[in-house]
Structure formats: structure tokens, C-alpha cells
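Chemist: heads up, no residue letters with this:
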């Protein structure tokens, strides 16, 4: 018998590290970073608030709606590779 993790739909303001040189828009890069978080089931980028470049990456401020398979979505998102910070995470 398998155990199903509960899923939670959230809207979050995040700071993401998007690799330079990826094809597509900043929104596509942000979606790729969030799709890489194991617990994230679906991602919709709502807004890109800003971008700060450095030598290797782009630091992107994004608002996203996601379905996350976790009891506590905020720390789960914060632990994701490429997620610099979760500034807000609300269940919707």
C-alpha cells in the first residue's frame, strides 16, 4: 500500500537563481527552477517582479502558483535547488 502525500495549492513570492544561457524567457527559467523541486507538481508563473544578473546566474523575483506535495509547503520550497528565498507562501 502506497502512502499519498497531501497536496496544497499555494501562491508564493520567491527569489530564484536561474542559470544564464537557458533558452526562453525569465518566466520559463523560473518555471524550470520550480519544476526541479521534487515536491512541486504544477507551476504557473504569475509575475516576474525583477531580475539581478551576476557572472553565472540571474536572480529573479517571481510570484508563482503551485501545487506542492508536502504538509508544509514553505520550508519544502525553500529547500529547493535554485530557490534563494521564499518571501511569502499562502495557501489558496
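Modeler: Arrived safely, thanks for sending. Keep in mind that this is a model prediction, so the values were computed, not measured.
Chemist: For the protein, give me the ranges with low pLDDT.
Modeler: Low-confidence segments of the chain, defined by pLDDT under 70, are located at 1-3, 23.
Chemist: That one: helices as residue ranges?
Modeler: Remark: helices of the chain, listed N- to C-terminal, are 26-35, 73-78; assignment by DSSP state H.
Chemist: so can I have CSV of these showing distance to residue 9 and mean neighbour count?
Modeler: Just so you know, the C-beta spots here come from the backbone N, C-alpha and C atoms, and that holds for glycine as well. Formatted as CSV, the entries for those read as follows, by distance: least, CB to CB, whole Å; neighbours: other CB atoms under 10 Å:
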stretch, distance to residue 9, mean neighbour count
helix 26-35, 14, 20
helix 73-78, 9, 19
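Chemist: Compute the number of surrounding residues for residue 6.
Modeler: 9 (other CB atoms under 10 Å).
Chemist: circling back: would you reformat the helices of the chain as JSON lines and include distance to residue 18?
Modeler: Rendered in JSON lines, the data for the helices of the chain read as follows (distance: least, CB to CB, whole Å):
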{"stretch": "helix 26-35", "distance to residue 18": "4"}
{"stretch": "helix 73-78", "distance to residue 18": "15"}
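Chemist: Which parts of this protein are strands?
Modeler: Residue ranges of the strands in the chain, as given by DSSP state E, are 7-19, 40-53, 57-69, 83-91.
Chemist: Now the residue nearest the centre of the chain: closest residue in space, sequence neighbours ignored.
Modeler: The residue lying closest to the centre of the chain (CA atoms, centre = their mean) is residue 34, at 3.5 Å. On the basis of CB to CB, 6 or more residues apart in numbering, the spatially nearest residue to residue 34 that is not a chain neighbour turns out to be residue 43, at 4.6 Å.
Chemist: tell me the contacts of the one you found?
Modeler: The contact partners of residue 43, taken as CB atoms under 8 Å, 6 or more residues apart in numbering, are 31, 34, 35, 64, 65, 66.
Chemist: can you rerun that using 10 Å?
Modeler: In this structure, residue 43 makes contact with 30-35, 37, 62, 64-68, judged by CB atoms under 10 Å, 6 or more residues apart in numbering.
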